[in-house]
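# With the input below, show me the fold.
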Amino acid sequence: MSKETEDTKKPRHPFFRTPKKTRMDLLICLGCVFADFLGDNLLSPSYDSFISEKGPANLEFGMATSLITLAYILGRALSGSILGSISDFVGRWNIIVLCTFLTSVGFLLQALAWDYWSLIGFRLFTGLVGGTRPVVSVYISDWVKAPDMLTFWMSLMPVASSLASFVGPLLGGIVVQADTSEPLNSAYVGFVLNFAGFLLVFFYADKSPRDISENLSPAKLVAVIRGKSGEKTPVKGEENDPESMRTPGPLVEWSGIIPFIMACGFVNMGTQGWSVLLVTMQQDIGFSSLAMGLISGWCGVWIMVGQLAFLPFAVNRLHWTMATLMVFGFAISTCIIVPPFAENIWVICAVGA
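Residues are numbered from 1 along each chain as shown. Just a heads-up that it's a prediction; the model follows:
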């Protein structure tokens, strides 16, 4: 057998097996997720200067920082819980276009915030109109059906969000350090990136196969909300057809899903708690906004290392289950209690890593 024949039989990487146009569309949508997740901590190096200048006098610095973070997270939690379902009725592409545009507006408003409470309101608005991650997830699943290809593209979702956790505070720290007179100027970075994502999706990305094949209408969503959707038509297939659907079992095993939801909630609480903790330590220890961005970026790099290197190693080589990984992660995350008692920046970097 010739070498050429052997090469043609080698399985290609899922990235290259994806058609070129679809590949570009999916990468653009993942870029939108990256730009959306910049809202997590792009402004975190700015909080010290902004709260010192325009923060309410009756609020402690830690509480003021927590409220700014809470406003965005609360908005994104609400949008993320409903936008995926809404996209079934108004279309994946339509939701992504609308969300990226409104998110860019939200970042612009944050940059123009005139006082502390206006920033809180604009952070809440940006979170509410964000939530591209669940919609991009179903957009990917509309295009990709092969299990290995779907696994690959879905695995890039946390990479995009982790990359934002690295780049966001780093960019924010650089911008704040360059012009300390306007601490919220870093929000313009989020505006530019999200607006660029909006233009790319609007003018280049294709609608998903579901968007094209389904008769989409907001009226369908209103009918479902009012309980007038009626019975769903069962999926029919040929007898002995391997592609036909099996009879579904219970939709949700609540005894399993509720602890899982709680665990995911605690993980996100720890992530956001670390961001707030760094901001408060910035004021206590006195390091610059650029140093704050570098520390956050260092932590983001190790998040990506964990996702791209350690998780595959633990699952494929050590044969850990998801439960084992979660227990290990929770055990390691208890190290977050160390930084408040540390006054050395290198100890903070080590614990963050």
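# burial measure for the residue nearest to Thr22 when sequence neighbours are not counted, as a count.
With C-beta to C-beta, 6 or more residues apart in numbering as the criterion, Thr22 has its nearest non-adjacent residue at 5.4 Å, and that residue is Trp143. For every residue, glycine as well, the C-beta is placed using N, CA and C. By other C-beta atoms under 10 Å, the residues close to Trp143 number 21.
# do the same with the one 3 residues further on
Close neighbours of Ala146, defined as other C-beta under 10 Å, add up to 11.
# how close does it get to Val167?
Distance from Ala146 to Val167, counting by C-beta to C-beta, to the nearest Å: 31 Å.
# what's the spacing between the residue nearest to Thr22 and Asp211?
For Trp143, the distance to Asp211 equals 11 Å [C-beta to C-beta].
# And Glu60, by the same measure?
48 Å.
# quick one: which of the two has more around it?
Comparing Glu60 with Asp211 by other C-beta under 10 Å, the one with more neighbours is Asp211, at 18 against 12.
# hang on, isn't the more buried one packed against Gly91?
Yes - counting by C-beta atoms under 8 Å, Asp211 touches Gly91, with 4.4 Å between them.
# quick one: contacts for Cys29?
Applying C-beta atoms under 8 Å, 6 or more residues apart in numbering to Cys29 gives the contacts 96, 132, 136, 139-140, 201, 205.
# where's it, which helix or strand?
Per DSSP states H and E, Cys29 falls inside helix 20-37.
# Buried residues of that helix, list them for me.
Within helix 20-37, the residues that count as buried by 16 or more other C-beta atoms under 10 Å are 22-23, 25-37.
# With respect to pLDDT, which of those ranks lowest?
On pLDDT alone, Phe37 ranks lowest of those, at 89.
# right, and that residue touches Val159 too?
No - Phe37 is beyond contact range of Val159, at 10.9 Å (criterion: C-beta under 8 Å).
# my read: Thr126 touches Ile73, true?
No - with contacts counted by C-beta under 8 Å, Thr126 stays clear of Ile73, the gap being 10.9 Å.
# out of these two, which sits in the busier spot?
Remark: of Thr126 and Ile73, Thr126 carries more neighbours, 28 against 20, as counted by other C-beta under 10 Å.
# before we move on, back to that, ok, the residue nearest to Thr22 to Thr100 distance?
Trp143 sits 18 Å away from Thr100, taking C-beta to C-beta as the criterion.
# what about the helices in the stretch 51-200 of the chain?
Using DSSP state H, counting those that start in this stretch, the helices of the stretch 51-200 of the chain run over residues 61-90, 92-111, 116-129, 132-143, 147-178, 187-203.
# For the chain, which element, helix or strand, carries the lowest mean pLDDT?
helix 3-9 (a mean of 49; mean pLDDT, DSSP states H and E).
# For Cys32, give me its contacts.
Neighbours of Cys32 in contact, by C-beta under 8 Å, 6+ apart: 96, 99-100, 132, 136, 194, 197, 201.
# Closest one of those to Ser46?
Asn194 (17.6 Å; C-beta to C-beta).
# wouldn't that closest one be in contact with Gln110 here?
No - the pair Asn194 and Gln110 does not pass the contact test of C-beta under 8 Å, sitting 11.4 Å apart.
# if you count what's nearby, which of those two comes out ahead?
More crowded of Asn194 and Gln110, by other C-beta under 10 Å: Asn194, with 30 against 27.
# roughly how far apart are that one and Leu74?
Distance, Asn194 to Leu74, using C-beta to C-beta: 20 Å.
# before we move on, back to that, got the CA positions of the helix holding Cys29 in CSV?
Only the C-alpha atoms of helix 20-37 are listed here, as CSV (Å, rounded to 0.1, in the frame of the first residue of the first chain):
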residue,chain,number,x,y,z
LYS,A,20,-14.1,25.9,5.6
LYS,A,21,-17.1,28.3,5.6
THR,A,22,-18.7,26.6,8.6
ARG,A,23,-15.3,26.6,10.4
MET,A,24,-15.0,30.3,9.9
ASP,A,25,-18.6,30.9,11.1
LEU,A,26,-18.0,28.8,14.3
LEU,A,27,-14.8,30.7,15.0
ILE,A,28,-16.5,34.0,14.6
CYS,A,29,-19.2,32.9,17.1
LEU,A,30,-16.5,31.7,19.5
GLY,A,31,-14.9,35.1,19.2
CYS,A,32,-18.3,36.7,20.2
VAL,A,33,-18.2,34.5,23.3
PHE,A,34,-14.7,35.8,24.0
ALA,A,35,-15.8,39.4,23.6
ASP,A,36,-18.9,38.8,25.8
PHE,A,37,-16.9,37.3,28.6
